[in-house]
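Undergrad: got a predicted structure plus its sequence, pasted below:
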Amino acid sequence: MSLKPIKRGLLKAYLKAASLMRDEREACALKDVKKILVINTTAIGDTLICTPAIRAIKKAFPKASITALVGSAAREVLENNPHIDELLDHPGRMNIGYLLKFPGLIKRLKRERFDLAAVLYGNDPDAVPIAYLSGAPIRLGTVRTDFPDLLTHYRPSSIEGHIVREKLKALTAIGIKASDTRMEMFLTSGEEREAERFLEGAGDIVSIHPFGSKRNKQWPEEYCAELADALFDRFSLRTVLIGGPSEAGAIRRIASEMKSEPLCTGGRLGLRIASAVIKKSKMVITTDSGPLHIAQAFRVPTIALIGSTNWKTTGPVEDNAVVLQKPEACVAKRPCKFYNCEHISCIRSLSPDLVIDTVGRILNK
């Protein structure tokens, strides 16, 4: 039996009780907005996808202050962002610790007296209720939610266009017209210097990230090792294997299968330093994951290795990216939702030779 319906029911009951904490505020005209709450509690790539909308909100309300309620991954992405005045931490997953922290969070938000709350992206089901409980009289939601009635403006993203454009389109509900789809991440000079020290003497580098949150997003480790050696032999490009602490073991396995010597970030560099390494890369080869969007934010030429997912909604938006995908490799209906099927032929059909040929075309171009 799935626990999701039980958790959803408990959350609804808890939020119904918490709604008694809400103070009714007078309606606020958009022209009078002075304090804005942006809620973003999702992962690295999804957070970057929201940065064009955050920039558009700041441009529309240049004199307003913006506070972002963020999850741990979103915090690292949005640190040093000039469009945001303050970052507040979301309580995290719903557990005892969450229940203890939640009342204090709501009291803090109420004290701020926000005029506008915008839920841009959130995997947590409490994102929309938090916007409501903050007391903000104007509440925009761009995510699918069980609580649409708690919003004054509800514009969930469709599955037809890229989510970056869908988020910008949703802002028209509060009078904002924007078309600039550039994603942004702002690093400090210290972070850039630390990346330079890590890369000292490496020469021209290519960053490779073969990992993914699901099996149909994971490029085979043996492909990665073969590709890295070919990049070194044919183009004198040294590989940096990009990954987090949980991928350190896989990175060691890939490195052990290589003839050339890679640089490895898994467990050695934090997200922001690894992002600075990506920024300094001649090219990034990555699956549909956070590094794809980091590379796009820094305008680094990108090869996106896409399995069964619909890259037209979550893939690259810059014209310096090449998408490699072979939908004909699998008979499943597209876009496939069988994330754990036995063969994973979609992502395995993208051979190292195919990627090498694409690298050659990009470098010649």
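TA: Great, that's in hand.
Undergrad: what about the helices in the stretch 101-250 of the chain?
TA: For the stretch 101-250 of the chain, the helices defined by DSSP state H, counting those that start in this stretch occupy 127-133, 163-170, 189-198, 221-235, 248-256.
Undergrad: need the winner for burial among those.
TA: helix 127-133 (a mean of 25; mean count of other C-beta atoms under 10 Å). Where you see a C-beta, it was placed from the backbone N, CA and C, and this is true even at glycine.
Undergrad: elements contacting that one?
TA: With contacts defined as 3 or more C-beta pairs under 8 Å, 6 or more residues apart in numbering; DSSP states H and E, the packing partners of helix 127-133 are helix 4-18, strand 35-40, helix 96-112, strand 116-121, strand 138-141.
Undergrad: check which helices and strands the shortest one sits against.
TA: Spelled out, that is strand 138-141. Here strand 138-141 touches strand 116-121, helix 127-133, strand 153-154, going by 3+ C-beta pairs under 8 Å, 6+ apart.
Undergrad: of these, give the one that comes closest to residue 347.
TA: Between residue 347 and the helices and strands packed on strand 138-141, the tightest spacing by C-beta to C-beta is seen for strand 116-121, at 24.9 Å.
Undergrad: how far off centre is the helix or strand where residue 353 lies?
TA: Per DSSP states H and E: residue 353 is located in helix 352-364. The chain centroid and the centroid of helix 352-364 are separated by 26 Å under C-alpha atoms, centre = their mean, to the nearest Å.
Undergrad: which neighbouring elements make contact with it?
TA: Judged by 3+ C-beta pairs under 8 Å, 6+ apart, helix 352-364 is in contact with helix 221-235, strand 283-287, strand 302-305, strand 321-324.
Undergrad: apart from its neighbours in sequence, what residue is nearest residue 362?
TA: residue 301 (5.7 Å; C-beta to C-beta, 6 or more residues apart in numbering).
Undergrad: for residue 209, see how far away that neighbour is.
TA: 14 Å (C-beta to C-beta, to the nearest Å).
Undergrad: neighbour-wise, which of these two wins?
TA: Counted by other C-beta atoms under 10 Å, residue 301 and residue 209 do not tie: residue 209 has more neighbours, with 28 against 19.
Undergrad: so who does the more buried one touch?
TA: Taking C-beta atoms under 8 Å, 6 or more residues apart in numbering as the criterion, residue 209 is in contact with 241-243, 284-287, 289, 291-292.
Undergrad: which strand residues bridge it?
TA: residue 286 (DSSP bridges).
Undergrad: offset the numbering so it begins at 821, please.
TA: With the count now opening at 821, the last piece we talked about shows up as residue 1029.
Undergrad: tell me the pLDDT at it?
TA: For residue 1029, the model assigns a pLDDT of 97.
Undergrad: roughly how far apart are it and residue 989?
TA: Distance from residue 1029 to residue 989, counting by C-beta to C-beta: 30 Å.
Undergrad: contacting residues for the residue lying closest to residue 985 once chain neighbours are set aside?
TA: Nearest residue to residue 985, sequence neighbours excluded (C-beta to C-beta, 6+ apart): residue 1001, at 6.3 Å. Residues near residue 1001 by C-beta under 8 Å, 6+ apart: 872, 982, 984-985, 988, 1137.
Undergrad: and the pLDDT at residue 1001?
TA: Residue 1001 is assigned 96 on the pLDDT scale.
Undergrad: list phi and psi for it.
TA: With angles defined as degrees, to the nearest 10, residue 1001 sits at phi -90, psi 10.
Undergrad: now it: how far from residue 875?
TA: 10 Å.
Undergrad: can I get stretch 963-981 in PDB, CA atoms only?
TA: Taking C-alpha atoms only, stretch 963-981 is exported to PDB below (Å, rounded to 0.1, in the frame of the first residue of the first chain):
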ATOM      1  CA  VAL A 963       2.900  24.200 -10.100                       C
ATOM      2  CA  ARG A 964       0.200  21.500 -10.000                       C
ATOM      3  CA  THR A 965      -1.200  21.300  -6.600                       C
ATOM      4  CA  ASP A 966      -3.900  19.700  -4.400                       C
ATOM      5  CA  PHE A 967      -4.700  23.300  -3.100                       C
ATOM      6  CA  PRO A 968      -5.400  25.500  -6.100                       C
ATOM      7  CA  ASP A 969      -8.200  27.300  -4.200                       C
ATOM      8  CA  LEU A 970      -5.500  28.800  -1.900                       C
ATOM      9  CA  LEU A 971      -4.100  30.800  -4.800                       C
ATOM     10  CA  THR A 972      -5.400  34.100  -6.300                       C
ATOM     11  CA  HIS A 973      -3.700  33.300  -9.600                       C
ATOM     12  CA  TYR A 974      -3.300  29.700 -10.700                       C
ATOM     13  CA  ARG A 975      -1.300  29.000 -13.900                       C
ATOM     14  CA  PRO A 976       0.200  25.500 -13.900                       C
ATOM     15  CA  SER A 977       2.700  24.600 -16.500                       C
ATOM     16  CA  SER A 978       1.500  22.600 -19.500                       C
ATOM     17  CA  ILE A 979       3.500  19.800 -21.100                       C
ATOM     18  CA  GLU A 980       3.400  21.400 -24.500                       C
ATOM     19  CA  GLY A 981       6.400  23.800 -24.300                       C
END
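Undergrad: buried ones in that stretch?
TA: 963, 965, 967, 970-975, 977 (16 or more other C-beta atoms under 10 Å).
Undergrad: how about these in CSV, adding distance to residue 894 and pLDDT?
TA: Converted to CSV, the buried residues of stretch 963-981 look like this (distance: C-beta to C-beta, whole Å; pLDDT from 0 to 100):
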residue, distance to residue 894, pLDDT
963, 14, 86
965, 18, 86
967, 21, 86
970, 21, 90
971, 20, 93
972, 24, 93
973, 22, 93
974, 22, 92
975, 20, 87
977, 17, 72
